[in-house]
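Participant: Provide a 3D model corresponding to the input given below.
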Amino acid sequence: MITVRRSSERGHAAHGWLDSRHTFSFADYYDPAHMGFRTLRVINEDRVQPGKGFGLHSHQNMEIISYVLEGALQHRDSMGNGAVLRPGEVQRMSAGTGVTHSEFNASQNDTVHFLQIWILPERAGLAPSYEQKAFPDALRRNEFVLVASRDGREGSVTVHQDVNLYVARLDAGKRMSLALAPGRGAWVQVARGSLALGDEKLGAGDGAVVTDVGRVEIAAGENAEALVFDLA
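Facilitator: Numbers count the residues shown, from 1 in each chain. The predicted structure is shown next:
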């Protein structure tokens, strides 16, 4: 079964310096019908104006993944990490027992456009940790690239939950298929372009649940980029 969540149906927060679209309930946006999917709790599509950002703030007991689509994101945290995240890179921060961090647009001229993703951890009280890895667009197109997993295999970042996160960058006309083990479900989030998920047509910002079919099948109508979450 495929259930679509259209981009236009998402929550919206406009703060001048920040334009944010919420796939699931977040902050002042509350919809009891959209509280997440399995252990996937947040997908926010954020656009931050030049030189602006999220000042120091704290989190606990959450796996936080950032994925930049355009621009550059400056990260700093209480663990002593400082890095700039650019397109093709994945950042994972395990908040665990508590971490303070800030995320700012690293440019004074260009907007940064990124996805902020929260996943519930397998247990509370983990030690905070941080990881950032590159998955360049030019190296692996038209295949599912594993960028986050429980065991960090295939060079992916390690997430403390039974989740496999894939990035799929498809050229127009290409088709791809990902098998799901029995009992697992998938969330597909289109980041750019358009694609078909089974019989459903999805555009940028659209998401969809895939359950009880055993396979995620996508086909690009134009050059497209999607994130696919394989969840227990």
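Participant: in this structure, which residue is most central in space?
Facilitator: Ile117 (4.5 Å; CA atoms, centre = their mean).
Participant: for that one, which non-adjacent residue is closest in space?
Facilitator: Leaving aside its sequence neighbours, Ile117 sits nearest to Ile65 (CB to CB, 6 or more residues apart in numbering; 4.2 Å). In this view, the C-beta of every residue, glycine as well, is placed from N, C-alpha and C.
Participant: which strand or helix spans that neighbour?
Facilitator: Per DSSP states H and E: Ile65 is located in strand 63-70.
Participant: please apply the same query to Thr3.
Facilitator: Going by DSSP H and E, Thr3 is in strand 2-5.
Participant: same for that strand, what does it pack against?
Facilitator: The elements that strand 2-5 packs onto, with contact taken as 3 or more CB pairs under 8 Å, 6 or more residues apart in numbering; DSSP states H and E, are strand 200-203, strand 207-210.
Participant: I'd like these as a markdown table, with distance to Gly221 appended.
Facilitator: Output for the helices and strands packed on strand 2-5, formatted as a markdown table (distance: least, CB to CB, whole Å):
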| stretch | distance to Gly221 |
| --- | --- |
| strand 200-203 | 7 |
| strand 207-210 | 15 |
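Participant: can you pull the contacts of the nearest residue to Glu103 once chain neighbours are set aside?
Facilitator: Nearest in space to Glu103, with sequence neighbours left out and distances taken as CB to CB, 6+ apart, is Phe54 at 4.7 Å. Phe54 makes contact with 48, 102-104, according to CB atoms under 8 Å, 6 or more residues apart in numbering.
Participant: ditto for Glu154
Facilitator: Here Glu154 is in contact with Leu146 (criterion: CB under 8 Å, 6+ apart).
Participant: which of the three states applies to it?
Facilitator: Secondary structure state of Glu154, per DSSP: H, G, I helix; E, B strand; the rest coil, is helix.
Participant: related to what we said a few turns ago, beyond the strand holding Ile65, next helix or strand please.
Facilitator: As assigned by DSSP H and E, the chain's next helix or strand after strand 63-70 is strand 73-77.
Participant: what is the next helix or strand after that following strand packed up against?
Facilitator: Once the chain leaves strand 73-77, the next helix or strand it forms, by DSSP H and E, is strand 82-85. Strand 82-85 makes packing contacts with strand 73-77 when contacts are defined by 3+ CB pairs under 8 Å, 6+ apart.
Participant: any buried residues in the strand it packs on, and which?
Facilitator: 73-75, 77 (16 or more other CB atoms under 10 Å).
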